[in-house]
Every structure is written in structure tokens, then in C-alpha cells.
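Asks: pasting a predicted model and its sequence here:
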Amino acid sequence: MTLSLSAGLLVAGAVYLFTKRELLRVILGFVLLGHGVNLILMASGGADRRVEPFGSTADPAGLADPLPQAFVLTAIVIAFSITIFLLALAVTAGPDDNTTDSAKVNEPNSSTQDSPGRNPGDLPTTRWTRWTR
């Protein structure tokens, strides 16, 4: 019961952090989600009705299932590598990579007068369009 409540709290915290638009909060939400999923995988192995895998003289039917433990080890490695990748993206992001609600895109408006030196079909210059032109 404690394992499922902990997993639920971690997943709920991750969903809350995903609703924020700042990159660091999304990364922290991803970390929380990874920990919650790891707890769910461990709970699927039946930790409450199994005995320890080594050092006991119990019958083989009562031993802990190694498959969820292998899944958790794999998930830890994958989550760590994706977290490092997301942190590298956050560090290399430029000042024009703002994702908050206050960021407005200056799209040309056909009903108003065009600004001088700008064609009506031009979009605002971003880092991606500077490198692809």
C-alpha cells in the first residue's frame, strides 16, 4: 500500500510539473515520473508476497521475480541518460528559446501597415531560420 501511494504521489508531482512551461520544471517532472514508474515496476513484482532471492532456504515458488528488477535497472539507465540530454539542451538553449506564455511571436498582420524593410511574407527570424537560409 505504501509503495502504491508513493508511486501515485510521484506521478502526480510529475504531472503538476509538466503543466508548467519552464524547461527546468519539465525536466524535474520527467525525473519524478521516472522514479514513479520505477516504483510501479517494483510493485508489479509482488514485493509484499515474495521472500529475498538469495540466502533463504525457501521453495523456489516464493522467490522474488527478477524480471521487474531487471526492468527497473534498465529504466534507471535510460532515465539518467535522457535527463542528461535534457539538461544539456537546457544549458545550450539561447535567450530566444523562451517557452513561457509571455513570449509573443511577431507575425506579420495583413490588415496593418507593414514595417519598413520587411516583406509581407517574412516570418520573424529565429535561430533555426538563420541557419537554414
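Replies: Yep, that arrived.
Asks: burial count for residue 83?
Replies: 15 (other C-beta atoms under 10 Å). (Each C-beta comes from the backbone N, C-alpha and C, glycine too.)
Asks: spatially, which residue comes closest to it, not counting chain neighbours?
Replies: Excluding its sequence neighbours, the residue lying closest to residue 83 (C-beta to C-beta, 6 or more residues apart in numbering) is residue 31, at 5.9 Å.
Asks: which SSE is that neighbour in?
Replies: Taking DSSP states H and E as the criterion, the element that holds residue 31 is helix 23-44.
Asks: quick one, helices of the protein?
Replies: For the chain, helices defined by DSSP state H occupy the ranges 2-18, 23-44, 66-92, 127-132.
Asks: list the contacts of residue 15.
Replies: Under the criterion of C-beta atoms under 8 Å, 6 or more residues apart in numbering, the contact list for residue 15 reads residue 29.
Asks: residue 87 is in contact with residue 27, correct?
Replies: Yes: in this structure, residue 27 sits in contact with residue 87. The criterion is C-beta atoms under 8 Å, and the distance is 6.4 Å.
Asks: thought the residue nearest to residue 83 was touching residue 80?
Replies: No: under the criterion of C-beta under 8 Å, residue 31 is not in contact with residue 80, lying 9.4 Å apart.
Asks: contact partners of stretch 21-32?
Replies: Applying C-beta under 8 Å, 6+ apart, the set of residues contacting stretch 21-32 from outside is 10-11, 13-18, 20, 79, 82-83, 86-87, 89-90, 93, 99-101.
Asks: could you list the buried residues of it?
Replies: Along stretch 21-32, the positions that meet the burial threshold by neighbour count (16 or more other C-beta atoms under 10 Å) are 23, 26, 27, 28, 29, 30, 31, 32.
Asks: cool, and stretch 2-16?
Replies: For stretch 2-16, the neighbour count (16+ other C-beta under 10 Å) marks 7, 10, 11, 13, 14 as buried.
Asks: the third one and residue 34 touch, don't they?
Replies: No: with contact defined as C-beta under 8 Å, residue 11 does not count as touching residue 34 (10.2 Å).
Asks: the closest residue in space to residue 76 that isn't next to it in sequence and residue 11: what is the separation?
Replies: Using C-beta to C-beta, 6+ apart and skipping residues adjacent in sequence, the residue nearest residue 76 is residue 38, 6.6 Å away. Relative to residue 11, residue 38 is positioned 11 Å away (criterion: C-beta to C-beta, to the nearest Å).
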